[in-house]
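>>> Let's see this in three dimensions:
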Amino acid sequence: MNLKLLICALACLVHYSTADNVGRDIKISGGTPASLGDLPYQVFVGYNLGNGTYEFCGGGLINSEWILTAAHCFEVKKDVSKAFVILGSVSLNTRPVSVKTIITHPNYISDAYNYYDIALLQLSNPVKESASIGFLNLPTFSSPAVGTLMWTAGWGLTQSGIKPTQLLKVQIPIVAQSICVNAFSDGKYNETYFLCIGDGKGKDTCQGDSGGAVVSKVNTTDTRWTVYGITSYGPEGCGLQGNRGAYSRVFNYLDFIKSNAVTSASSTPHHCSKALIVVLIAFALLLNL
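Model prediction:
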């Protein structure tokens, strides 16, 4: 892959697509530009379709090697050599990073009801936290209370049709599950799998923002954001009066996440401890000789 050409294509967004086909417009509604460090976990997830065309979603770093995103972003696109991410930046003129593993939830079924709409991407090389790169905390409970304002972000088109090269963020509230149950008349919405989020007054996520993390800080003293939802799907017409979106409930997938998103670094202290024990035993034996 020619990285210079790729960076140029991303920065200009001359040819692009999105990973959704669920009837949503390709735009983020009511968003404002994000500054570097605002949401340092945010990742641009791309997939090279060839001929200068790239499909894209969002994602969130949960540790030094793994990104949380939506399974529908990789329904049929499983060639890991074509996947790439951009992290530590609010623009798209940063060098892309390669991916070595794509894991979609084993129970996810394409074109069904978007249940189990969650996936993991493993970076080819681990990254370190910095002022511009941060990791998400996983939730310790299912959802903040109704009315809690959440943050999410993406690089989808703006409502005016402009192709932004800067990350846009939007703040939207958690609302009662009954609102989405009643809004999705096709019976697709299931509160077991989703959180119902949106203000119904113009602030919304859309097609190009799929896979992005929906976050909050449980305590004002928290240094990291906690992820509660992953942008999944919504009604046709983003940002329209009364519209809300369905976001995969991350808490329900903790077993899937923790069993797969294991970092090589996480095993280092364990191995070091074993080695240290061996050294100490050997040293003790020498003292007794």
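>>> Stretch 110-119: how far from the chain's middle?
15 Å (C-alpha atoms, centre = their mean, to the nearest Å).
>>> List the contacts of it.
By C-beta atoms under 8 Å, 6 or more residues apart in numbering, the list of residues contacting stretch 110-119 from outside reads 22, 68-76, 102-109, 188, 190, 193, 211, 230, 232-233, 246, 248, 250, 253, 256-257. To be clear about C-beta, it is placed using only N, CA and C from the backbone, and glycine gets the same treatment.
>>> hmm, try it at 7 Å
Applying C-beta atoms under 7 Å, 6 or more residues apart in numbering, the contact partners of stretch 110-119 are 69-75, 102-105, 107-108, 188, 190, 193, 230, 232-233, 248, 253, 256.
>>> try stretch 129-146
36-37, 40-41, 60-63, 87-89, 127, 174-176, 195, 213, 215-216, 224-228, 249-251, 254, 257.
>>> Restricted to strands, list those.
60-61, 87, 195, 213, 215-216, 226-228, 249 (DSSP state E).
>>> Columns pLDDT, neighbour count and distance to residue 134 on top of those, output as JSON lines?
Output for those, formatted as JSON lines (pLDDT from 0 to 100; neighbours: other C-beta atoms under 10 Å; distance: C-beta to C-beta, whole Å):
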{"residue": "60", "pLDDT": "98", "neighbour count": "29", "distance to residue 134": "10"}
{"residue": "61", "pLDDT": "98", "neighbour count": "26", "distance to residue 134": "7"}
{"residue": "87", "pLDDT": "96", "neighbour count": "22", "distance to residue 134": "10"}
{"residue": "195", "pLDDT": "96", "neighbour count": "26", "distance to residue 134": "22"}
{"residue": "213", "pLDDT": "96", "neighbour count": "30", "distance to residue 134": "11"}
{"residue": "215", "pLDDT": "97", "neighbour count": "23", "distance to residue 134": "11"}
{"residue": "216", "pLDDT": "97", "neighbour count": "19", "distance to residue 134": "15"}
{"residue": "226", "pLDDT": "98", "neighbour count": "19", "distance to residue 134": "12"}
{"residue": "227", "pLDDT": "98", "neighbour count": "25", "distance to residue 134": "12"}
{"residue": "228", "pLDDT": "98", "neighbour count": "27", "distance to residue 134": "16"}
{"residue": "249", "pLDDT": "97", "neighbour count": "21", "distance to residue 134": "22"}
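>>> would you list the residues you listed in JSON lines and tack on distance to residue 117?
Listed next are these as JSON lines, based on distance: C-beta to C-beta, whole Å:
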{"residue": "60", "distance to residue 117": "14"}
{"residue": "61", "distance to residue 117": "19"}
{"residue": "87", "distance to residue 117": "22"}
{"residue": "195", "distance to residue 117": "12"}
{"residue": "213", "distance to residue 117": "13"}
{"residue": "215", "distance to residue 117": "17"}
{"residue": "216", "distance to residue 117": "20"}
{"residue": "226", "distance to residue 117": "19"}
{"residue": "227", "distance to residue 117": "14"}
{"residue": "228", "distance to residue 117": "14"}
{"residue": "249", "distance to residue 117": "10"}
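>>> Which single one of those is nearest to residue 148?
If you rank the ones in strands among the contacts of stretch 129-146 by distance to residue 148 using C-beta to C-beta, residue 216 comes first, at 6.1 Å.
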